[in-house]
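Q: Turn this into a structure:
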Amino acid sequence: MKPKKPDATRTIHNPEPDYTRSLLKLPRESYERMYKRLCVLYSESIARATMLELERILMVFYAHKPRKLIEKDKNFDPQERFSQKDIILITYGDLMRDKESSPLATLARFCDTYVKGTINTLHILPFFPSSSDKGFSIIDFETVDPHLGSWLDLEDLENRYQLMFDSVINHVSSKSRWFSEFLNNNPYYKDFFITFKSREDLTPEQRRLIFRPRTSKILTEFHSLKGPIYVWTTFSPDQVDLNYKNPNVLLRIVEILLMYVRRGADIIRLDAVIYLWSEPGTRCVHLEQTHEIIKLLRTILDVVAPRVALITETNVPHNKNITYFGNGHDEAQMVYNFALP
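A: Numbering: from 1, shown residues only. Here you go, the predicted structure:
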């Protein structure tokens, strides 16, 4: 099998925005679609304010986009995104090591030597600084773990392979700056996490309804500037769930995903995405708001980065898994299937 055509790689954006050229103008239909999604999540007034900031974020992203890539995107045919010839290598970033180069550079050399021309896409599992769970408790979304390498290593890989990035956006590490600022009572981070004043605020009946993949306590006690506080932790005491009822959380996550695109992500895998929106008194999975967030992300990428695909990782029965396709055109382009027939 021949590797992907050269124009399928080399999608790194310019390091600085160019505000001397025409700015992004959102198509009216796309604007209305995004606003409609936000109105499902928030009140009309909050949705309006959030849409203004979202539009600013998209304009900044677009100003980083190389002119050649803008022109290529105009002729992009979504039907050509995937084919039966695509082969993806999934790996952790630290499986290949030597004494003279970083693990990511060693991985690049291995791929160039042994599998180039056989695979065309690399899915490197979370390569960010992390405090637990094999990289899935992320401390900093925007930095490559220095034990693995740097953004330059990934840029080098992107010149020859399509890249899939993991987007672990359900939670962050309890050692992250976001959570530290929350514990320090920084007002901006006040509602970044799902909190309770006591364990009893979540009733036994509400607890029984919650669908979870772990048996640890759903509420973990932390000590903040204002005293003890109980925080929603779906996966572990070290992984604190983000609160998407706060639109600032959603906006920061959008910025991070677009930063991944600027850094060369061709595919973004949304990890553990079924848990994005939690509502006591429900199963806290597959909620309407979760689907609306994914649809919003899809609309955003369709406008500013149509070559980039979303893949949802759900690890649930087939009938639930495929609901993340939406209507086939408005949610994920692909769903992650753990149990193949």
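Q: can we go C-alpha only for contacts and neighbour counts from here?
A: Noted.
Q: what are the ranges of the helices in the stretch 51-200 of the chain?
A: Listed in chain order, the helices of the stretch 51-200 of the chain (DSSP state H, counting those that start in this stretch) span residues 67-74, 103-110, 151-158, 177-183.
Q: May I see those helices organised as a markdown table, with distance to Thr195 added?
A: Formatted as a markdown table, the entries for the helices of the stretch 51-200 of the chain read as follows, by distance: least, CA to CA, whole Å:
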| stretch | distance to Thr195 |
| --- | --- |
| helix 67-74 | 42 |
| helix 103-110 | 38 |
| helix 151-158 | 34 |
| helix 177-183 | 11 |
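Q: So which of these has the densest surroundings on average?
A: For the helices of the stretch 51-200 of the chain, the stretch with the most neighbours on average is helix 103-110, a mean of 21; neighbours defined as mean count of other CA atoms under 10 Å.
Q: picking that back up, distance to Val240 and mean pLDDT added to the helices of the stretch 51-200 of the chain, as CSV?
A: Shown next, in CSV, are the helices of the stretch 51-200 of the chain (distance: least, CA to CA, whole Å; pLDDT from 0 to 100):
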stretch, distance to Val240, mean pLDDT
helix 67-74, 37, 93
helix 103-110, 28, 97
helix 151-158, 26, 96
helix 177-183, 8, 98
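Q: Quick one, which of the ones you listed gets closest to Leu125.
A: Using CA to CA as the measure, helix 103-110 is the one of the helices of the stretch 51-200 of the chain that comes nearest Leu125, at 11.6 Å.
Q: can you list contacts of that closest one?
A: Helix 103-110 is touched from outside by 93-98, 147-149, 153-154, 157, with contacts defined as CA atoms under 8 Å, 6 or more residues apart in numbering.
Q: mind listing the strands for the protein?
A: Listed in chain order, the strands of the chain (DSSP state E) span residues 88-91, 121-124, 162-167, 171-173, 195-196, 219-224, 227-232, 239-241, 265-270, 309-313, 334-336.
Q: Adjacent strands (with direction) for the fourth one?
A: Sheet partners assigned to strand 171-173 using DSSP bridges are listed as strand 239-241 (antiparallel).
Q: Now do the strand it pairs with: distance to the chain's middle.
A: Mean-position distance between strand 239-241 and its chain equals 15 Å (CA atoms, centre = their mean, to the nearest Å).
Q: That strand - what's its average pLDDT?
A: Here strand 239-241 scores 98 as its mean pLDDT.
Q: ok, now stretch 296-309?
A: On average, stretch 296-309 scores 97.
Q: how far out from the middle of the chain is that stretch?
A: Per CA atoms, centre = their mean, the displacement of stretch 296-309 from the mean C-alpha position of its chain is 13 Å.
Q: Residues contacting it, please?
A: Contacting residues not belonging to stretch 296-309 are listed as 26, 30, 33-34, 37-38, 58, 61-62, 73, 76, 78, 81, 254, 261, 265-268, 310, 330-334 [CA under 8 Å, 6+ apart].
Q: for stretch 125-136, same thing?
A: 90-93, 137-146, 148, 165-168, 173, 175, 238.
Q: How about that stretch, which residues are buried there?
A: Applying a neighbour-count criterion of 16 or more other CA atoms under 10 Å, one finds 125-131, 135-136 buried in stretch 125-136.
Q: Please tabulate those residues in TSV, including the columns distance to Ala305 and pLDDT.
A: TSV is the format used below for these (distance: CA to CA, whole Å; pLDDT from 0 to 100):
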residue	distance to Ala305	pLDDT
Leu125	22	97
Pro126	22	98
Phe127	22	98
Phe128	23	98
Pro129	26	98
Ser130	28	98
Ser131	31	98
Gly135	27	97
Phe136	25	97
